[in-house]
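**Student:** I would like to see how this sequence folds:
(chains A, B, C and D)
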2 protein chains.
Amino acid sequence: MLKGVFPIDKWDFKSGSVLNDLPEEELEMLFAHTTEHLYSKGQVIFREGAYPTGIFFIKEGKVKKYKVDKEGREQIVYVANTGELIGFHALLAEERYPDSSAVLENSKIVFIPKDNFMDVLNTSKVLARRLLKTLSHEFAVFANSLALFAQRSVRERFAMQLVLLREKYKQNFVPGMDVEINMSREDLASLVGTVRENILRILKDFKEEGILETKGRKIIIKDIKKLLSIVNQ
Amino acid sequence: MLKGVFPIDKWDFKSGSVLNDLPEEELEMLFAHTTEHLYSKGQVIFREGAYPTGIFFIKEGKVKKYKVDKEGREQIVYVANTGELIGFHALLAEERYPDSSAVLENSKIVFIPKDNFMDVLNTSKVLARRLLKTLSHEFAVFANSLALFAQRSVRERFAMQLVLLREKYKQNFVPGMDVEINMSREDLASLVGTVRENILRILKDFKEEGILETKGRKIIIKDIKKLLSIVNQ
DNA sequence: TTCAAAATGTGCTCTTTTTTACCTTTATTA
DNA sequence: TAATAAAGGTAAAAAAGAGCACATTTTGAA
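**Tutor:** Sure, this is the predicted structure:
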């Protein structure tokens, strides 16, 4: 039996995960001799411009991928959840990281060295096919985001992101309980591509319209249909 | 010798093309029994929501990929050039087209049936690896676009798109000659994610600043450094 | 070549979004 | 636990962008 964070049978690969249904031998190869690391809220996993030496598996937690421009404004490009792999794009493209990654909450992250990943990719065709499918799918999602950012108002963009975030935070809660989105207003602004003040203003509007409630920094969506109707006009 | 648009040795696979340096046998398989079709300016290649039955190769011309929202506003997601494949994302993701495609100018398009594509993908590892690399790279490009759209002004976005378009239109011209970007103001607006009036206004500014000249609808960039300095602050 | 349709161009108004300048509340840690 | 930093919140002015109405030019089909 190989050392590492394997066995992974207790792990839960959520939908959208590249590793879902991957043959056990391949998972074993992938996670051979790996160890899990604890990252505390806000800690950076990798930085834009660095050369990748492996990929990262989110065993538990949430990770933001973001870019920072000259003025220091941050744009969150993607929020990754438990069960997802991050950083493999740069490895496959043989390029430096195009964005940075940091954990949004205390998280357990497994580093998978480049060799592990490449070995599995070379010996089996399942991973390659799975990656192709995932990447192609993500492409469609990205095209959607692009149109959203380019054409829609801040209010509409925020409504959309709240719907998507709710899906991500759903996994943390037992069925029946309220889903609590726990993200700073600053991070929400970075995700929507606006400033904090705008997020605050729209959050206030949404509260008055009965769409959501807040418990401190936590956001609880009460009327998802109304939220969706904002996005779909 | 197989029938089809093969031999492709006269073709010019530009950088960024998935087919660059692909083994001749694989190209032969891919293009077996295919024929080239003429599309006239504005003609639609495929429409959002349709099921893919194959992929398309741009033998000559330019193609826009775009999404249309409820109000009829169009957002161009990508401009593909001679030598590029389009429509393979949907096939690999096993989903319907997430966007539509139409030719921006009279173009020669080759339809490659699904079976051809899948056969090559199954028999060889080169294409799969090439696709993974291309997709991963495009991902970084897309992340950049997203940050651009989310954080930058219309003026900055337009400046950036002009730089990118110039690269695409460069291929049509002999070295030394002026590169002429030939796109309707409406399409430029769809690409930048704004309205026609804004494009007109900024185009006027750019002319006054000596950045570019226009010849009818054609745009000739005279000072690319100034244009880049707008994007990079 | 003519003529209608489509595309380009301009000025003005109105709306949305950002910026600025604060105050208040919640976390963190010495 | 008090001090201090960080995050949350509000209002008003300034700037950017969208929408509208209409004139002009170009294009392409009869």
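
**Student:** Angles on the backbone of the residue positioned nearest the centre of chain A, please.
**Tutor:** Nearest residue to the geometric centre of chain A (C-alpha atoms, centre = their mean): A:Ala80, 1.3 Å. When read as degrees, to the nearest 10, the backbone of A:Ala80 gives phi -100, psi 150.

**Student:** Same question for A:Tyr97.
**Tutor:** phi -60, psi 130.

**Student:** what's the answer for A:Asp187, then?
**Tutor:** According to degrees, to the nearest 10, A:Asp187 has phi -70, psi -40.

**Student:** cool, and the one 5 residues further on?
**Tutor:** The phi/psi pair for A:Val192 (degrees, to the nearest 10) reads phi -90, psi -20.

**Student:** how about the longest helix along chain A, does it reach chain B?
**Tutor:** Identified as the longest helix of chain A according to DSSP state H is helix A:126-151. Yes: judged by C-beta under 8 Å from any C-beta of the partner chain, helix A:126-151 comes into contact with chain B through A:128-129, A:131-133, A:135-140, A:142-147, A:149-151. C-beta coordinates here come from the backbone N, C-alpha and C atoms, glycine included.

**Student:** repeat for stretch A:61-73
**Tutor:** Yes: judged by C-beta under 8 Å from any C-beta, stretch A:61-73 comes into contact with chain B at A:Lys65, A:Lys67, A:Asp69, A:Lys70, A:Glu71, A:Arg73.

**Student:** Likewise for stretch A:98-113?
**Tutor:** Yes: using C-beta under 8 Å from any C-beta, stretch A:98-113 reaches chain B at A:Pro98, A:Asp99.

**Student:** Could you do stretch A:184-193 as well?
**Tutor:** Yes: shown here: stretch A:184-193 in contact with chain B (C-beta under 8 Å from any C-beta) through A:Val192, A:Gly193.

**Student:** Show me what that stretch is in contact with.
**Tutor:** With contact meaning C-beta atoms under 8 Å, 6 or more residues apart in numbering or on different chains, stretch A:184-193 is reached by A:64, A:66, A:73-76, A:79, A:104, A:149, A:154, A:157-158, A:161, A:165, A:183, A:195-196, A:198-200, A:203, A:217, B:149-151.

**Student:** Can you flag the buried ones in those?
**Tutor:** For the contacts of stretch A:184-193, a burial check counting by 16 or more other C-beta atoms under 10 Å in any protein chain shown picks out A:64, A:66, A:73-76, A:79, A:104, A:149, A:154, A:157-158, A:161, A:165, A:183, A:198-199, A:203, B:149-151.

**Student:** And the helices in chain A?
**Tutor:** A:24-31, A:88-93, A:114-123, A:126-151, A:154-170, A:185-192, A:196-208, A:224-231.

**Student:** Do the second one and chain B come into contact?
**Tutor:** This means helix A:88-93. Yes: counting by C-beta under 8 Å from any C-beta, chain B is contacted by helix A:88-93 at A:Phe88, A:His89, A:Ala90, A:Leu91, A:Leu92, A:Ala93.

**Student:** which helices and strands does that helix pack with?
**Tutor:** strand A:54-60, helix A:114-123, helix A:126-151, helix B:126-151 (3 or more C-beta pairs under 8 Å, 6 or more residues apart in numbering or on different chains; DSSP states H and E).

**Student:** Average pLDDT for that helix, rounded please.
**Tutor:** Helix A:88-93 shows a mean pLDDT of 96 in the predicted model.

**Student:** Now do it: distance to the chain's middle.
**Tutor:** With C-alpha atoms, centre = their mean, to the nearest Å as the basis, helix A:88-93 stands 16 Å off its chain's centre.

**Student:** So which of the contacts of stretch A:184-193 would count as near DNA strand D as well?
**Tutor:** With C-beta under 7 Å from any atom of the strand as the criterion, the contacts of stretch A:184-193 include A:Arg196, A:Leu200, A:Leu203, A:Arg217 near DNA strand D.

**Student:** Touching, the third one and A:Ile211? I think so.
**Tutor:** So that's A:Leu203. No: with contact defined as C-beta atoms under 8 Å, A:Leu203 does not reach A:Ile211; the gap is 9.6 Å.

**Student:** where does chain A have low pLDDT?
**Tutor:** A:1-16, A:233 (pLDDT under 70).

**Student:** DNA strand D versus the closest residue to A:Val63 other than its chain neighbours, what's the distance?
**Tutor:** Among residues not flanking A:Val63 along the chain, A:Ala80 sits closest, at 4.5 Å (C-beta to C-beta, 6 or more residues apart in numbering or on different chains). Counting by C-beta to the nearest atom of the strand, to the nearest Å, the gap from A:Ala80 to DNA strand D is 20 Å.

**Student:** quick one: contacts for A:Ala80?
**Tutor:** Neighbours of A:Ala80 in contact, by C-beta under 8 Å, 6+ apart: A:Ile58, A:Lys62, A:Val63, A:Lys64, A:Lys65, A:Ile86.

**Student:** Let me know how buried A:His216 is, in neighbour terms.
**Tutor:** Not quite, residue A:216 is Gly, not His. 7 (other C-beta atoms under 10 Å in any protein chain shown).

**Student:** Show me the contact partners of stretch A:134-146.
**Tutor:** Applying C-beta under 8 Å, 6+ apart, the set of residues contacting stretch A:134-146 is A:16, A:18, A:89, B:65, B:67, B:75, B:77-78, B:88-93, B:95, B:98-99, B:132, B:135-136, B:138-139, B:142, B:145-146, B:149.

**Student:** Most tightly packed of the helices of chain A?
**Tutor:** helix A:88-93 (a mean of 23; mean count of other C-beta atoms under 10 Å in any protein chain shown).

**Student:** okay, that helix in PDB with CA atoms only?
**Tutor:** Coordinates of each C-alpha in helix A:88-93 appear next as PDB, following Å, rounded to 0.1, in the frame of the first residue of the first chain:
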ATOM      1  CA  PHE A  88      -3.900  21.900 -13.600                       C
ATOM      2  CA  HIS A  89      -4.500  24.300 -16.400                       C
ATOM      3  CA  ALA A  90      -1.100  25.900 -16.100                       C
ATOM      4  CA  LEU A  91       0.500  22.500 -16.000                       C
ATOM      5  CA  LEU A  92      -1.300  21.300 -19.100                       C
ATOM      6  CA  ALA A  93      -0.700  24.500 -21.000                       C
END
